[in-house]
Every structure is written in structure tokens, then in C-alpha cells.
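1. after the sequence you'll find the predicted model.
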Amino acid sequence: MKAEKQMKLGYLMKRFIPYFGKYKHILVFDLLCASLTTVCELVFPMLVRYITDMGINNMAGLTVGIILKIGLFYLVLRILDSAANFYMADTGHVMGAKIETDMRRDLFDHLERLSYSYYSEHKVGQIMARITSDLFDITEFAHHCPEEFFIAALKIIVSFIILCGVNIPLTLIIFASLPLIFVFVKFFNTRMRWAFKKQRDQIGEINSQVEDSLLGIRVVKSFANEDMEKEKFKEGNHRFLAAKKLGYFYMAGFQTSNRAFEGLMYLAVVVAGAIFMIRGKITPADLTAYLLYVSTLLATLRTIIQFTEQFQRGMTGIERFLEIMDAPADIIEAEDARELKNVCGNITFDNVSFRYHDDNNEVLSHISLNIKKGDSIALVGPSGGGKTTLCNLIPRFYDVTDGRILIDGIDIKSVTLKSLRNSIGMVQQDVYLFSGTVYENIAYGLPSASREDVIKAAKLAGAHEFISLLDNGYNTYVGERGVKLSGGQKQRISIARVFLKNPPILILDEATSALDNESERMVQESLEKLAKGRTVFTIAHRLTTIRNADVILVLTENGIEEQGTHEELIAKGGLYSNLYSMYSSL
């Protein structure tokens, strides 16, 4: 158990405390209100002690007027206590909710900065758990953590001072057990936090499994594998239950040990206090005050015990939050990065090599290319040759391991990511449409575009006709991931999105390979319109679609095996010629 790495408590708090900065005025007033409620609790035993002492030693002096004054004084305190408690319960909780909102915003901002490699190594369900449920407990934690510990410290210190003024030996006997209690608290807290983190991890796994199953529901049903999916979910659900059982085991041990200490403290007060009273070291009134103060202390300890579960859940949420926040962004923009403007589309690969950080094998090795404005470059070859990787290097989805890439003679690492990626349009095989309307999905290419521009882009992409036939036209809801549209329709909407963006550089990654012949024909016509006047990279398995490319690159594990026009490569009779012959014979 302890072999698993945990972030140190001090580090977690150091990273979390700055979130209070914006709300320090609320926090300070919240703690002042907490002080006020604490004073109200601590004054009551002293009032009881005074009345009891007067009743035993000076009954004649205990008049109705004195009692009414004491009652009025305490009533005023309770009114102030109620007002302070309302502020703590209302504004204090709002402060916690605002901190939770700020943390979720920072987490999402950081997720947007992380590169492709992070998402290829982490499950979306786990990420979703961290940005949603993991931060739910932050509201209670951010509010109650400073408040509860401040109140507890105040009560312990003030009670200790007051009780020492009454009887030092009895006070020391009572407070001698506190260090032992703190030892048990630390022991169980460590284990509870570990158990709660296991729960968070497992609920993330459940989210991932559910997401995987529901997004692939058509595959599940087509193979009649509902029972298999139910079994997978059952296993994950049972692992989550096991993690919860472990957490409750440690929590029960924690609560039981503290109840035992609570009983011992009462026993110590009654036995030791009675002995001191018999020997004349303490008065009955003092003993009554002791019992009330001990009751107050134990109530405080019970509150802390109840809060401990919330505390550990909050710390676990902060830890999982920081695990993502501490994940480095592989693609970092230079401090002096400039805007890439007036792009023509001349692209140079200068001795470029690339390998993934978790793989020692180079995907691309010493690639050098000079591509002129308006050139059409086709990339073909067997899977694993690096075609998609080469294209992903241009918008800096990954950074080159060696060498450099230049656009119009400017190193892409010296320009802002936004201006670089705004200059590049991508149409991929796996089209992603957002949950929303057709109009919103096209306008995603240029959010500032007018409705006329959106419709013009749809017409250029050959999408306007089928969109007009939809029930609500451009306002038709496409469903999650565009499930209400056919493959060809989704592809033409994605092409319209790029038309609207109007980039000088275009990357087509097997944009028609998943379509039927009729859809492919229509989409291919749209792509030909889109490609005019742009520098175009086309990745294609259907070799007939790239016959007119200015340059065809044949990429294999050995790098660029062949390079030339369609006619030149066919005449050469090499790898491309063999691939084309194989495709043509199908």
C-alpha cells in the first residue's frame, strides 16, 4: 500500500492555498465569524460555573436581576452566533464553490494545452472523472478546512488557558491524551487517503468503460455482445465496491479509536475531578465547568472526526487535480513567438527526424523536402510508414526530434501555435462533429463568420443541397458525434468547415477511404474545389485519387523510398508501380 506514491500534504496545501487569494476578504471574515461562534460556546461553561458557584456559596447574592442580566448577555451572544453561522453557511460555501470553479477552469485550460501524446496515453473517462466528480468535494473542503481547524485550534488553546487557571494538574491529565489522539489521526488519515484515491481511480475506470461501451453501442449490438459488456461493467463495479469497503474499514477504525479516547477523557475528568474535589483542590462549580469544557472539546473532536472523511476526499481530489496540472505540455510556445502572417504555403522539411518519446525507434529519419506554394503532395505507402506522422508535424501536434520545419522560410517553432494552426486546414477520415446544429459545426471553422459565409462554404463543399432537405435545415441537431448523418454528409460538413476557415495549407488524411463510391465521388469533387490554390498534402490508400498530384512520396519504414509524379513512378516500375497495379486489379 505505502509503495504507491502519494504527494506530500505540505505540497498539496502549498499548491491549493493560492486559490484562496482572490477570496481572502471572505476567508478572513469567515474566520472572524468562526471566532465569534467559538467565543459563544466557551463563555457558556463560565456562566454556568458562576451561577453554580453563587448558588452554593452565596445564594442570597444570586438575585433575579443578576440571572436576567446573564440571560440577556447570553441571548445577545446567541443572536450574534446565529448571524455569524449564517454567513459561514452561505457566503463561506459560495467561496468554496468559486474555488472549485476556478480549479475546474484551470484544469480545462491545461487540458487544452496538452498535446496529442497525453491523450493517447490517458483514458478520457479518467480525465472526465478528474474534471467533474473529483472536484465536487472541493467546495466543502475549501470552506470547512480552514474553518474547522481554526475553530478546533481556538477551542483547544482557549480551553487549556481557562482550565489551567482553575486547576493545572487536572487540566494536564485531560490534555495529556491529545498527542496520542493525533498519532492515531495521522495513522488512519494516511490509509483513508490512499483508500479514497483508489476509489477515485476506480470510478474513473468505470467512466472509461461506460464511455467506451456507449460510444461503441452499434458495434456492441451488431455482435450481440451486450452480456459481455455487462460482465465487464460488473467487474469494474465490484472493484469499486472493494475500494469503498477498504475506505470504510479505515474510517470505522478511525472513528472507533476516537470514541475510545472520548470515553477515556470523560473517565479521567470524573475520576480525577472527584478525587480533587474530595481533597478540596477543586469546587463543585469548577468540576461542572470542567465537564462542560470537556464536552465542548469532545464535540469539537467529533466534528473534526466527521470532517476527516471530507478532508481526505478533498485532499484526494486536489492530488488527482495536480497530477494533471503537473503533466508537462510537450508543445511549448516560444516566449518571443511571433504571428505567422500572409502565409503563401512554401514548406521545407530540413533533415527532419521523429520518434515518440516512449519509443526508441524513429518513425521518420532525416526527411528533407522543399514544397512550393500551391503544390499538391501525395503520401502513399504501407501502414506504419509515417504518412500521418509527417503531416501531424506541420501544425505541431508533435515536435520534431531533430531537424526543423519551415513555412515560407520561418521555423514553425518560432511562431505562435494559434497563427500556425489557423494557417492549416485538416480533413480526416474520422470526422468529428460536435453535439449541436449543422450550422454550429460549420461555423466552428471560423466562429466570427456571418450566416451568408457559412452557407457559401456549404455550397462550395457540396453540402448545401442535402442540408436544405433536412427537417430544420442548418438548424438541424446532428446528434452526438453526428450520428444522425451519413458518412458522406458528415465529411462534406467537415469540408465546409475548412472552406470557411480558408487556410493556405491543406492536409487531407484519407478523407474518402471510409465512404461508399457515390459519397466518395461527391466528396472528391468537393476536395478538388477546396484544394485549388492551396498547398495540399494528401494521404491516400485509393491511389486513383492522387494521380494528378505534383509530387508523390512513397513512405516506408526506411523513409522516402520513391518520389516523383504518377507517370514517373509508374515508368520506374518500383514500389509505387506495384502498389498501383495491386489497387487497379481489385
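-> Okay, I see it.
2. CA atoms for contacts and neighbours, from now on please.
-> Fine.
3. surely Glu561 is in a strand?
-> Yes. The assignment for Glu561, made by DSSP: H, G, I helix; E, B strand; the rest coil, places it in a strand.
4. and it, what's its pLDDT?
-> Model confidence at Glu561, expressed as pLDDT, equals 87.
5. quick one: low-confidence ranges for the stretch 1-150 of the chain?
-> 1-6, 60 (pLDDT under 70).
6. in the stretch 451-586 of the chain, which spans are strands?
-> Remark: strands assigned in the stretch 451-586 of the chain by DSSP state E, counting those that start in this stretch are 505-509, 535-539, 551-556, 559-564.
7. I meant the stretch 251-400 of the chain, not that one.
-> For the stretch 251-400 of the chain, applying DSSP E, counting those that start in this stretch gives strands covering 347-354, 364-371, 376-380.
8. reformat the ones you listed as CSV; add mean pLDDT and distance to Phe150.
-> What follows is the strands of the stretch 251-400 of the chain, written out as CSV (pLDDT from 0 to 100; distance: least, C-alpha to C-alpha, whole Å):
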stretch, mean pLDDT, distance to Phe150
strand 347-354, 92, 55
strand 364-371, 89, 59
strand 376-380, 90, 66
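9. need phi/psi at Ile424.
-> When quoted as degrees, to the nearest 10, the phi and psi of Ile424 stand at phi -130, psi 130.
10. what number of residues are in the vicinity of it?
-> Look at Ile424: counted by other C-alpha atoms under 10 Å, it has 22 neighbours.
11. partners of it in the sheet?
-> Listed by DSSP bridges, the beta-bridge partners for Ile424 are Ile505.
12. quick one: residues contacting it.
-> 395, 503-507 (C-alpha atoms under 8 Å, 6 or more residues apart in numbering).
13. got a pLDDT number for it?
-> Ile424 is assigned 89 on the pLDDT scale.
14. now stretch 472-490: buried residues?
-> For stretch 472-490, the buried set under the neighbour-count rule, 16 or more other C-alpha atoms under 10 Å, comprises 473-474, 476-478, 482, 485, 487-490.
15. in CSV, list the residues you listed along with distance to Leu322 and pLDDT.
-> What follows is these, written out as CSV (distance: C-alpha to C-alpha, whole Å; pLDDT from 0 to 100):
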residue, distance to Leu322, pLDDT
Gly473, 45, 89
Tyr474, 42, 89
Thr476, 40, 89
Tyr477, 37, 87
Val478, 36, 82
Gly482, 34, 66
Leu485, 39, 81
Gly487, 40, 79
Gly488, 42, 81
Gln489, 41, 85
Lys490, 37, 86
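16. just the ones of those in helices?
-> Mapping those onto helices (DSSP state H) picks out 487-490.
17. please identify which of those residues is nearest to Leu27.
-> Lys490 (51.1 Å; C-alpha to C-alpha).
18. the nearest residue to Lys529 once chain neighbours are set aside: neighbour count?
-> Leaving out its chain neighbours, the residue that sits closest to Lys529 by C-alpha to C-alpha, 6 or more residues apart in numbering is Leu460, at 7.3 Å. With neighbours defined by other C-alpha under 10 Å, the count for Leu460 comes to 20.
19. how about Leu246?
-> Residues within reach of Leu246, counting by other C-alpha under 10 Å, total 19.
20. likewise the one 10 residues further on?
-> For Thr256, the number of neighbouring residues by other C-alpha under 10 Å comes to 12.
21. next one: Lys529
-> Going by other C-alpha under 10 Å, the residues that sit close to Lys529 add up to 14.
22. that one against Gly462, yeah?
-> No. Using C-alpha atoms under 8 Å, Lys529 makes no contact with Gly462, being 9.7 Å away.
23. surely Tyr240 meets Gln202?
-> Slight slip there: residue 240 is Phe, not Tyr. Yes. Taking C-alpha under 8 Å as the contact criterion, Phe240 and Gln202 are neighbours in contact, 5.5 Å apart.
24. nice, that's everything, thank you.
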